[in-house]
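one predicted model, sequence on top.
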Amino acid sequence: MTAGSRGDVAPFTGLGRGLARAGHEVTLVTHGCFAPAAEAAGLRFHALPVDPQAEMHTEQGRALQESATGIGQLIRVGAMARDALDRMLDELLRAAEAADVLLVSSGLGTLGHTIATGLGLPSMGVYLQPHAPSATFAPPLLVSGSWGATANRLAGRAVNAAVDSIFVPAARTVRARLGLPPLGSRAARRIRERQCWPVRHGFSPLVVPRPADWHPGLTIDGYWWPYSAPDAGLPAPVRDFLAAGPPPVFVGMGSATLPHSDRLAATFVRALRAAGLRGIVQRGWTGLAADGDDLLTVGELPHDVLFPHLAAVVHHAGAGTTAAGLRAGVPAVPVPVQFDAHFWSGRLAALGVSPGPVPLRRLTAPALTAALRAATTDPGYRDRARTLAARLREEDGTAPVVAAVNRLAGA
């Protein structure tokens, strides 16, 4: 079960494929617009009745994108999530009733655990970001870096309490429908912690080392790469553009839905040209577009096929695009927008594969030009990116999840 944008769904096509190869019948439960991705991976599909891209074009969605602070964004996304959960709840329950084991993404973690408890199903979390409080880092949903051990833990608990509160109305409904006694969100979290409810994390310990103060049920297993068909390739116009000159820079803001797309695209173009670089600009949910012999505008493309041909990747620092850039071994220039993007931007800089973020609210053509020049002319960034990519290829993040599911299913 997962909800959100493409980055919240795509890794589970690869994880699901691995589980299916191990003999399990796998159903991906998410928004209906992602049915083709599940079908391409050979997975069953159960649609949820919310279109995440359309939601970002509502009044609430536009207010979220215009929020200037992490707290403001969290408040607004909470209101949107509560409304969406009301519409998705019947289908979430219907899907779970047909299951033997329930795997739940972080976006539905609290509610998914409640559903599994009510139905008597074994379950575990499958998360794409770290959520458990730790002395090691401040809450990844809000910031990058550390505020000190005590402040990190307190802030992490406060953020998790705020996230839990989003699920209170839906969890109350589920508990009543499944015959469970009433239980507050704080008590429910304490139960999960006492049980050491297992959560597997789909990113590499090379990128985010496992915090020493996490309970034993929290593991970091390695990336779950999105499923890509063996014969996946690039369209002819993209192949021709790649062959026509030096490696270009990819520019894409993924599922971020940002205002003033024309102005944003113009800033990217000015920076690329000032740095003497060609560019492939992905429309994404913002609708970026650029014209010129040195530029190519594209739609959705398989990152695992495109990214190895690039000089660098400029992106919104979502978990999925961050992972794809690391896998390809190319330097990154993150332009973080919201939530965990700041966390991943910080990790890219700490790993030495990025000269550092250029946050959207401070984005200017000169600032981006400087970052692009550093990323593409200093060989250290590419060397470190390639070295890390080679180590990531040695990991198998799916195998530990398969073993855990086998234990849950009694296989």
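Cool, the structure landed. Numbering: from 1, shown residues only.

from start to finish, how long is stretch 280-293 in a straight line?
11 Å (Cα to Cα, to the nearest Å).

what comes up buried for it?
280, 281, 282, 283, 284, 285, 286, 288, 290 (16 or more other Cβ atoms under 10 Å). Backbone N, C-alpha and C define where each C-beta goes, glycine included.

does the fifth one really touch residue 252, like I thought?
Yes: counting by Cβ atoms under 8 Å, residue 252 is a contact partner of residue 284 at 5.4 Å.

pLDDT wise, what is the closest residue to residue 330 other than its chain neighbours at?
Leaving aside its chain neighbours, residue 330 sits nearest to residue 310 (5.2 Å; criterion: Cβ to Cβ, 6 or more residues apart in numbering). At residue 310, the model reports a pLDDT of 98.

over to residue 57?
60.

next one: residue 285
pLDDT, read off for residue 285, is 83.

list the contacts for it?
Residue 285 is in contact with 5, 53, 56, 253, 254, 255, 256, 257, counting by Cβ atoms under 8 Å, 6 or more residues apart in numbering.

please list all residues in contact with the first one.
When contacts are counted by Cβ under 8 Å, 6+ apart, residue 5 touches 52, 53, 254, 255, 285, 318.

equivalent analysis for residue 158, please.
residue 139.

any idea how far it is from residue 346?
20 Å (Cβ to Cβ, to the nearest Å).

which outside residues touch the helix or strand that residue 240 is a member of?
Assigned by DSSP states H and E, residue 240 falls within helix 236-243. Contact with helix 236-243 is made by 233, 234, 248, 278, 280, 296, 298, 301, 306, 309, as judged by Cβ under 8 Å, 6+ apart.

among the residues you listed, who's most crowded?
residue 248 (24 neighbours; other Cβ atoms under 10 Å).

neighbours of the residue nearest to residue 20 when sequence neighbours are not counted, just the number please.
Excluding the flanking residues, the one nearest residue 20 by Cβ to Cβ, 6+ apart is residue 26, at 4.9 Å. For residue 26, the neighbour count with other Cβ under 10 Å is 23.

swap in residue 214?
Look at residue 214: counted by other Cβ under 10 Å, it has 17 neighbours.

and it, what is it in contact with?
Here residue 214 is in contact with 132, 134 (criterion: Cβ under 8 Å, 6+ apart).

got a list of what the residue positioned nearest the centre of the chain touches?
Of all residues in the chain, the one closest to the mean position by Cα atoms, centre = their mean is residue 319, 3.6 Å from it. Applying Cβ under 8 Å, 6+ apart, we find residue 319 in contact with 7, 128, 129, 203, 340, 344.

now restrict those residues to buried residues only.
The buried subset of those (16+ other Cβ under 10 Å) comprises 7, 128, 129, 203, 340, 344.

about what we covered before: kindly reformat the contacts of residue 319 as TSV containing secondary structure, pLDDT and distance to residue 213.
TSV is the format used below for the contacts of residue 319 (DSSP: H, G, I helix; E, B strand; the rest coil; pLDDT from 0 to 100; distance: Cβ to Cβ, whole Å):
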residue	secondary structure	pLDDT	distance to residue 213
7	helix	90	28
128	coil	96	21
129	coil	95	17
203	coil	98	18
340	coil	90	20
344	helix	96	21
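
span of stretch 120-136 from start to end?
End residues of stretch 120-136 are separated by 35 Å (Cα to Cα).

buried ones in that stretch?
121-134, 136.

circling back to that earlier point, out of the contacts of helix 236-243, the closest to residue 98 would be?
Nearest to residue 98 out of the contacts of helix 236-243 is residue 301 (Cβ to Cβ; 34.1 Å).

just to check, residue 110 is in contact with residue 162?
No: using Cβ under 8 Å, residue 110 is not in contact with residue 162, being 11.5 Å away.

and the pLDDT for residue 386?
With respect to pLDDT, residue 386 has a value of 98.

can I see the domain layout of the protein?
With domains defined by automatic domain parsing, the chain comprises 6-223+395-409, 236-393.

which of those sits most buried?
Among the domains of the chain, domain 236-393 has the highest mean neighbour count (mean count of other Cβ atoms under 10 Å), at a mean of 20.

chain center to that domain, what's the gap?
Between the centre of domain 236-393 and the centre of its chain there are 16 Å (Cα atoms, centre = their mean, to the nearest Å).

ditto for stretch 386-405
From the chain centre to the centre of stretch 386-405 is a distance of 17 Å (Cα atoms, centre = their mean).

re the thing from before, which two from the contacts of helix 236-243 end up farthest apart in space?
233 and 278 (20.3 Å).

do I have it right that residue 157 meets residue 131?
No: taking Cβ under 8 Å as the definition, residue 157 is not a contact partner of residue 131, at 11.1 Å.

pLDDT on whichever strand or helix holds residue 159, on average?
Taking DSSP H and E as the definition, residue 159 sits inside helix 149-166. The average pLDDT within helix 149-166 is 91.

what of stretch 92-100?
pLDDT averaged over stretch 92-100 gives 96.

and stretch 329-339, by the same measure?
The model assigns stretch 329-339 a mean pLDDT of 93.

cool, stretch 188-197 as well?
Mean predicted confidence for stretch 188-197 is 83.

ok, and what's touching that stretch?
Stretch 188-197 has contacts (Cβ under 8 Å, 6+ apart) with 110, 113-114, 123-125, 160-161, 164, 171, 183, 215-217.

would you turn the residues you listed into JSON lines with secondary structure and distance to residue 405?
Putting the contacts of stretch 188-197 into JSON lines (DSSP: H, G, I helix; E, B strand; the rest coil; distance: Cβ to Cβ, whole Å) gives the following:
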{"residue": "110", "secondary structure": "helix", "distance to residue 405": "21"}
{"residue": "113", "secondary structure": "helix", "distance to residue 405": "16"}
{"residue": "114", "secondary structure": "helix", "distance to residue 405": "20"}
{"residue": "123", "secondary structure": "strand", "distance to residue 405": "10"}
{"residue": "124", "secondary structure": "strand", "distance to residue 405": "8"}
{"residue": "125", "secondary structure": "strand", "distance to residue 405": "12"}
{"residue": "160", "secondary structure": "helix", "distance to residue 405": "25"}
{"residue": "161", "secondary structure": "helix", "distance to residue 405": "30"}
{"residue": "164", "secondary structure": "helix", "distance to residue 405": "25"}
{"residue": "171", "secondary structure": "helix", "distance to residue 405": "24"}
{"residue": "183", "secondary structure": "coil", "distance to residue 405": "27"}
{"residue": "215", "secondary structure": "coil", "distance to residue 405": "20"}
{"residue": "216", "secondary structure": "coil", "distance to residue 405": "18"}
{"residue": "217", "secondary structure": "coil", "distance to residue 405": "15"}
